[in-house]
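In: pasting the sequence and the predicted model now:
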Number of protein chains: 2
Amino acid sequence: MLKEERLAYILHQVNLHNKVLSSHLSEQIQVSEDTIRRDLAELAQEGKIIKVHGGALSNSFHQGIASQDVYAVEDKKTIALKAVQLIHDGMFVLTTGGTTIAELARVLPRDLQATFITVSLPAAFEYANHPNIEVIVIGDKLSKGSKITVGGEAISKIKMIRADLCFLGNNAIDAADGLTDNDWDVVQVKRAMISTAKKVVVLSISEKIDTSEQLKICDAEEIDVLITELPPDSKKLQPYRKKGIQIL
Amino acid sequence: MLKEERLAYILHQVNLHNKVLSSHLSEQIQVSEDTIRRDLAELAQEGKIIKVHGGALSNSFHQGIASQDVYAVEDKKTIALKAVQLIHDGMFVLTTGGTTIAELARVLPRDLQATFITVSLPAAFEYANHPNIEVIVIGDKLSKGSKITVGGEAISKIKMIRADLCFLGNNAIDAADGLTDNDWDVVQVKRAMISTAKKVVVLSISEKIDTSEQLKICDAEEIDVLITELPPDSKKLQPYRKKGIQIL
DNA sequence: TGAATTTCTGCAAAAAAACGCAGACAACAA
DNA sequence: TTGTTGTCTGCGTTTTTTTGCAGAAATTCA
């Protein structure tokens, strides 16, 4: 096999699989790994692939992940815009924390008059930017990692509120396992919110659909609305629709 | 699995869940925890994640509150360093908000073990950076300007605490008029704190010495300690010493 | 405080890369 | 044809990288 031919083949493989192993290529083309390495070095030199220890990666693979400030902002904005439609003047809204909720806070209409109750300090900051929104912070011990208040005091305060809506962000959700999370304190708070809210809305980017964590929050049936960045009729969401969840 | 691939996967997981456990990743990817730790260290080195004991956090979560353009930072740091000396292990400390208090939070020794109770969200963020400090947030309606919680609920919560120390920042103080402020809600909170704390400490840059605002918080006699950036024997502080206030 | 985790620090083994070298091979000129 | 030249390729050796492991140190948590 000619060298040029080999280079073209390698490039094709990289773009096809996003990843190649030197050892694998060596076996396929029946040349020494040394030669493969030299070929990869040449292609990398031209910027056509990214050479790494053990093989090479496609350009698109690495670039997409290297520079992203907030993860999947666009998707989260899409979700937030759908969620906003559920909020009306005069409502009492319970929310957790997380970046999706923060995005929701940013896209709230300026003229919306509602009361937002939250345990999340970052979320409270965001809500505070809206002149017509009343913000209630649930106090208690501050959980340092997630910057939310947790504990019995917070739970009992939450349960005293008959909220119209409850937005839960930052979840793992699965049709069989229900809603799950990996932080014990967060789970307690979310449970309390679900128990007291008239309508439970889960905000989740599609990547978290069909995933589970260690701690269970509630069954899928207890969720009223599920919002993702996908179109509502997406196949991936069918199992949830069957559970009686409204999809937006 | 290639190393680069693994790094990308880990970064993805961190951004997705805001938090990952080394043990969990190790199990998922089927490599030793040592390797995971080294990967996390590498990603942390590049500033892509924040490494913590046991795993890592997404860095979009940890953004500190704007602390660049604080007026008279140096003076406030001087004050903070004096104030720190009053805090000892095991104490319960009540604090208001303001940039001076934020500065105090930053200079707290790493090994200090104390409980800080605050109505100020920015202050809570700062306290949360200290691993050995327990942070209690007093919840209630959020005052948008000052980012502190105010209201009857907050007041009554404060009064339930027998704090050892109470730090008041952001004041106008005058020997004759006592401590004054211009925000009704803030005044209520400060009054509650003074009434319940064993020792009342006022932090004030010298510019605010001998000034008054519209609303009275308390008489000068009720203040136990006054801390400014001036040397304790400064002439400007004499009237306060005469009122029985300890000057630091 | 003491027990349980987690992290750090060498270290060693395995894998991969780099390097130098020599033979193969094609292109080209005399 | 023959000799020269330059590129390509494989091989052995050396270096570097990666990874897991054991024991010590540090950290967390009850």
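Out: Sure, I can see it.
In: quick check: which ranges of chain A have low pLDDT?
Out: Applying pLDDT under 70 to chain A picks out residues A:62-71.
In: would you map out the domains in it?
Out: Using automatic domain parsing, the domain parsing of chain A gives A:3-65, A:73-247.
In: got a list of what A:Pro239 touches?
Out: A:Pro239 makes contact with A:Ala175, according to CB atoms under 8 Å, 6 or more residues apart in numbering or on different chains. For glycine as for every other residue, the C-beta is placed from the backbone atoms N, C-alpha and C.
In: gap between it and DNA strand C?
Out: Relative to DNA strand C, A:Pro239 is positioned 33 Å away (CB to the nearest atom of the strand, to the nearest Å).
In: cool, A:Gly178 as well?
Out: According to CB to the nearest atom of the strand, A:Gly178 stands 26 Å off from DNA strand C.
In: show me the beta-bridge partners of that residue.
Out: Counting by DSSP bridges, A:Gly178 is bridged to A:Asp174.
In: list the contacts of it.
Out: By CB under 8 Å, 6+ apart, the residues touching A:Gly178 are A:216-222.
In: A:Ala128 now?
Out: By CB under 8 Å, 6+ apart, the neighbours of A:Ala128 are A:135, B:142, B:144, B:147.
In: for the residue nearest the centre of chain A, which non-adjacent residue is spatially closest?
Out: Chain A has A:Ile205 as the residue nearest its centroid, 4.3 Å off, counting by CA atoms, centre = their mean. What sits nearest to A:Ile205 in space, not counting adjacent residues and going by CB to CB, 6 or more residues apart in numbering or on different chains, is A:Asp75, at 4.9 Å.
In: shouldn't that neighbour be in contact with A:Ser204?
Out: No - using CB atoms under 8 Å, A:Asp75 is not in contact with A:Ser204, being 10.0 Å away.
In: please identify which of these two sits among more neighbours.
Out: Per other CB atoms under 10 Å in any protein chain shown, whichever of A:Asp75 and A:Ser204 has more neighbours is A:Ser204, with 21 against 17.
In: how near is the more buried one to A:Leu94?
Out: Distance, A:Ser204 to A:Leu94, by CB to CB, to the nearest Å: 17 Å.
In: and if you look at A:Val187?
Out: Note on A:Val187: its distance to A:Leu94, by CB to CB, is 15 Å.
In: check A:Arg241 too.
Out: Going from A:Arg241 to A:Leu94 by CB to CB gives 24 Å.
In: which one of those two is surrounded by more residues?
Out: Neighbour count, other CB under 10 Å: between A:Arg241 and A:Leu94, A:Leu94 has more, with 28 against 15.
In: the more buried one belongs to a strand?
Out: Yes - assessed with DSSP: H, G, I helix; E, B strand; the rest coil, A:Leu94 lies in a strand.
In: isn't it up against A:Ala163?
Out: Yes - counting by CB under 8 Å, A:Leu94 touches A:Ala163, with 4.3 Å between them.
In: mutual contacts of the two, please.
Out: Counting by CB under 8 Å, 6+ apart, the residues touching both A:Leu94 and A:Ala163 are A:117, A:193, A:196-197.
In: what about A:Lys82, neighbour count?
Out: Neighbours of A:Lys82 under the rule other CB under 10 Å: 18.
In: got the residues of chain A near DNA strand C?
Out: Chain A comes close to DNA strand C at residues A:21-23, A:33-34, A:37, A:41, A:51-55, as judged by CB under 7 Å from any atom of the strand.
In: mind checking which of the residues you listed land in strands?
Out: The strands, defined by DSSP state E, take in A:21, A:51-52, A:55 from the residues of chain A next to DNA strand C.
In: show me where chain A has its helices.
Out: Along chain A, counting by DSSP state H, helices occupy A:3-17, A:22-29, A:33-45, A:59-66, A:73-84, A:99-107, A:121-127, A:152-159, A:184-196, A:238-242.
In: packed most tightly, which of these would that be?
Out: Highest mean neighbour count of these: helix A:121-127, a mean of 24 (counted as mean count of other CB atoms under 10 Å in any protein chain shown).
In: that one near chain B at all?
Out: Yes - interface with chain B: helix A:121-127 contributes A:121-122, A:124-125, A:127 (CB under 8 Å from any CB of the partner chain).
In: which residues sit against that helix?
Out: For helix A:121-127, using CB under 8 Å, 6+ apart, the contacting residues are A:95-97, A:101-102, A:105-106, A:108, A:116, A:118, A:133, A:135, A:137, A:142, A:147-149, B:61, B:121, B:124-125, B:137, B:142, B:147.
In: if we go to 6 Å?
Out: For helix A:121-127, contacts defined as CB atoms under 6 Å, 6 or more residues apart in numbering or on different chains pick out A:95, A:97, A:101-102, A:105, A:116, A:118, A:133, A:135, A:137, A:147, B:121, B:142.
In: identify the farthest-apart pair in these.
Out: Farthest pair in the contacts of helix A:121-127 (CB to CB) is A:Ile133 and A:Lys147. Separation: 19.6 Å.
In: I am finished for the moment; much appreciated.
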